[in-house]
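> how would this look folded up:
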Amino acid sequence: MRMNVPNFLTWLRIIAIPLLIAIYYVPEQWMTMAERNMTATVLFIAAAITDWLDGYLARRLNQQSAFGAFLDPVADKLMVAAALMILVELNRVNALIAVVIVGREIAISALREWMAKVGEAKSVAVNYLGKIKTTSQMVAIPMLLYFDPIGGWFQPFRVGTWLIYLAAVMTIASMFYYLKLASPRAFQDP
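Sure, this is the predicted structure:
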């Protein structure tokens, strides 16, 4: 694998995952909960920006690679899973919501891998349901990490909670959509 800017950004996201978790385990004398929340929020948002940026740069600089195409979604899913685990631990997200979101990611990744092996990868390409799910969770997670009211009236936790529920609903809907697309191939003879 040749290191290029897009792959470097993806590796930075992977390195950020243990940092995101570690923020909530540093001694209380080092950081207040509000400081931890702010730091985790900034780190998660930076990771989300590098996710967009590495894809943009890979296309713009013609530095797309098979390894980058594999590693980028893995980094995204690991970052989301780590953030959801933290949020469950902090009692800011229901464990069932986290299981639904992470479980769907594992199932759809496996489905896409299988469909690629049988030459049908394009039939389970990302669609609008998946994009709504991703957008909902990528906005919800920083709001849930930040947690504290802003300006005395804006409640990020409340908005984030509604958005993570929307993400869970879209997670289920998109999973059934992808399974429906793959089902004709699943029942064909080998």
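> so what does the helix or strand where residue 85 lies touch, helix or strand wise?
When secondary structure is defined using DSSP states H and E, the element that contains residue 85 is helix 66-89. Judged by 3 or more C-beta pairs under 8 Å, 6 or more residues apart in numbering; DSSP states H and E, helix 66-89 is in contact with helix 5-23, helix 33-60, helix 95-117, helix 128-146. Every residue, glycine included, has its C-beta placed from N, CA and C.
> And those helices: which comes nearest residue 175?
The stretch from those with the least distance to residue 175 (C-beta to C-beta) is helix 95-117; that distance is 4.7 Å.
> Export stretch 31-50 to PDB, keeping only CA atoms.
Extracted as PDB, the C-alpha positions of stretch 31-50 are listed here (Å, rounded to 0.1, in the frame of the first residue of the first chain):
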ATOM      1  CA  MET A  31     -10.700  17.300  32.700                       C
ATOM      2  CA  THR A  32     -14.100  18.200  33.900                       C
ATOM      3  CA  MET A  33     -17.000  16.300  32.300                       C
ATOM      4  CA  ALA A  34     -17.900  19.400  30.300                       C
ATOM      5  CA  GLU A  35     -14.300  19.500  29.000                       C
ATOM      6  CA  ARG A  36     -14.400  15.800  28.100                       C
ATOM      7  CA  ASN A  37     -17.700  16.300  26.300                       C
ATOM      8  CA  MET A  38     -16.300  19.300  24.300                       C
ATOM      9  CA  THR A  39     -13.100  17.400  23.500                       C
ATOM     10  CA  ALA A  40     -14.900  14.300  22.400                       C
ATOM     11  CA  THR A  41     -17.300  16.400  20.300                       C
ATOM     12  CA  VAL A  42     -14.500  18.200  18.500                       C
ATOM     13  CA  LEU A  43     -12.600  15.000  17.900                       C
ATOM     14  CA  PHE A  44     -15.700  13.300  16.500                       C
ATOM     15  CA  ILE A  45     -16.500  16.200  14.200                       C
ATOM     16  CA  ALA A  46     -12.900  16.400  13.000                       C
ATOM     17  CA  ALA A  47     -13.100  12.700  12.200                       C
ATOM     18  CA  ALA A  48     -16.400  13.200  10.200                       C
ATOM     19  CA  ILE A  49     -14.700  16.100   8.300                       C
ATOM     20  CA  THR A  50     -11.700  13.900   7.400                       C
END
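> For it, buried residues please.
Counting neighbours by 16 or more other C-beta atoms under 10 Å, one finds that the buried residues in stretch 31-50 are 36-41, 43-44, 47-48, 50.
> what's the angle from the longest helix along the chain to helix 128-146?
In the chain, taking DSSP state H as the definition, the longest helix is helix 156-186. An angle of 150 degrees separates the directions of helix 156-186 and helix 128-146 when computed by axes from the mean of the first three to the mean of the last three C-alpha atoms, to 10 degrees.
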